[in-house]
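Visitor: sequence below, structure please.
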Amino acid sequence: MNALVNDILAHEVVLVAAHRGSGGGSVMVNTGLAVRAALLQGAGMVELDVSASRDGEFYCFHDGYEPEVLGFAANVQTLTAAEIDHASYQWVDRPGRVARVERLLPMLREFKDTRALFNIDRSWWRWPHLLKALEGLGMAQQLVLKCPAWESAALDRLRAFGVKYPFVPICATPEDVRRVTGDPDLNTVGVELITTTREHPWLDPVVIADLHAQDLFVFVNAVTLTTGIPMFGGLDDELALTAGPEAAYAPLLALGVDAIQTDWPAILCAYRDRWLAEHHR
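Guide: Alright, predicted model coming up:
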């Protein structure tokens, strides 16, 4: 089950994960074209958000962005699949180019049997139905599931499910890591570390080395959220753009992390390749 994840991590040394794909121009994030754009820029993993219609169809969409990108106030979860299928993204306004909110399963199926990994986010409260739907795709080795380590109900659902998807819990403390590692009913392949400050054990290379000794890969998030809350001590994309990639990404690479999520995969991939060459990793 973990062969593809392990092979890609070994090949990439530091995996670049694209947050919602790579949008721009006439391409919206959380779409098949955004996935293709991210992969073409060098990302080895794409994070996707999951929502669902009122009648149970799964969509690739981040709830809360409806007014900004769809032009209406209603949450997509209150709409039927037919209503969501009719909605179009506002910023794609040129003639002949209508972009729709895309159904999750057909989009993932486009990339079946490729070397693309998908980090399935914002989905754990949907797992009672989503896990079975994902199973029908037959691409479990490409799908990396995540949820906070403190979401006990979600963990129980994952433990009880027959397909042991690669799992990366979100961990804010060392206790969060201890809560899930060593559990034979979870296929925990890595951990996503989050912290709002740089005065945290996660910034200690010894701690990272200990996680590696437990056969866990270390995933950190350089995405700059609109909330302004740092995901990893402020070592983020905004710092990379304002002060240069070295200011944000070099400390992460020096720490020994195995995967970094970003909104700017081309910038991070180019800097990662230079840094790895210079440091002979």
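
Visitor: for the residue nearest to Asp258 when sequence neighbours are not counted, name its beta-bridge partners.
Guide: Excluding its sequence neighbours, the residue lying closest to Asp258 (CB to CB, 6 or more residues apart in numbering) is Phe217, at 4.0 Å. Backbone N, C-alpha and C define where each C-beta goes, glycine included. With beta bridges defined as DSSP bridges, Phe217 has these partners: Gly190.

Visitor: so who does Phe217 touch?
Guide: Shown in contact with Phe217 (CB atoms under 8 Å, 6 or more residues apart in numbering): 5, 9, 189-191, 258-259.

Visitor: again, only this time at 10 Å
Guide: 5-6, 9, 15, 166, 168, 189-192, 211, 257-259 (CB atoms under 10 Å, 6 or more residues apart in numbering).

Visitor: which pLDDT value goes with it?
Guide: Note on Phe217: pLDDT of 98.

Visitor: how about Pro95?
Guide: Predicted confidence (pLDDT) for Pro95: 68.

Visitor: would you mind confirming that Leu40 is in contact with Ser22?
Guide: Yes. The pair Leu40 / Ser22 is scored as a contact, 8.4 Å apart, by CB atoms under 10 Å.

Visitor: so which of those two has more stuff around it?
Guide: Ser22 (24 against 11; other CB atoms under 10 Å).

Visitor: contacting residues around the more buried one?
Guide: Contact analysis of Ser22 by CB under 10 Å, 6+ apart lists 29, 33-41, 43, 46, 262-266.

Visitor: do the same with Ala266
Guide: 16, 18, 22, 37-38, 40-43.

Visitor: still on that earlier bit, between the contacts of Phe217, which is nearest Thr224?
Guide: For the contacts of Phe217, the minimum distance to Thr224 (CB to CB) is 16.3 Å, reached by Glu192.

Visitor: and stretch 155-167, what's buried?
Guide: By 16 or more other CB atoms under 10 Å, the buried positions in stretch 155-167 come out as 155, 157-158, 161, 164-167.

Visitor: please apply the same query to stretch 33-51.
Guide: 33-39, 41-51.

Visitor: over to stretch 124-135?
Guide: Buried residues in stretch 124-135, counted by 16+ other CB under 10 Å: 124, 126-127, 130-131, 133-134.

Visitor: identify the farthest-apart pair in those.
Guide: Trp124 and Ala133, at 14.1 Å, using CB to CB across the buried residues of stretch 124-135.

Visitor: what is the burial count for Asn30?
Guide: There are 27 residues near Asn30, going by other CB under 10 Å.
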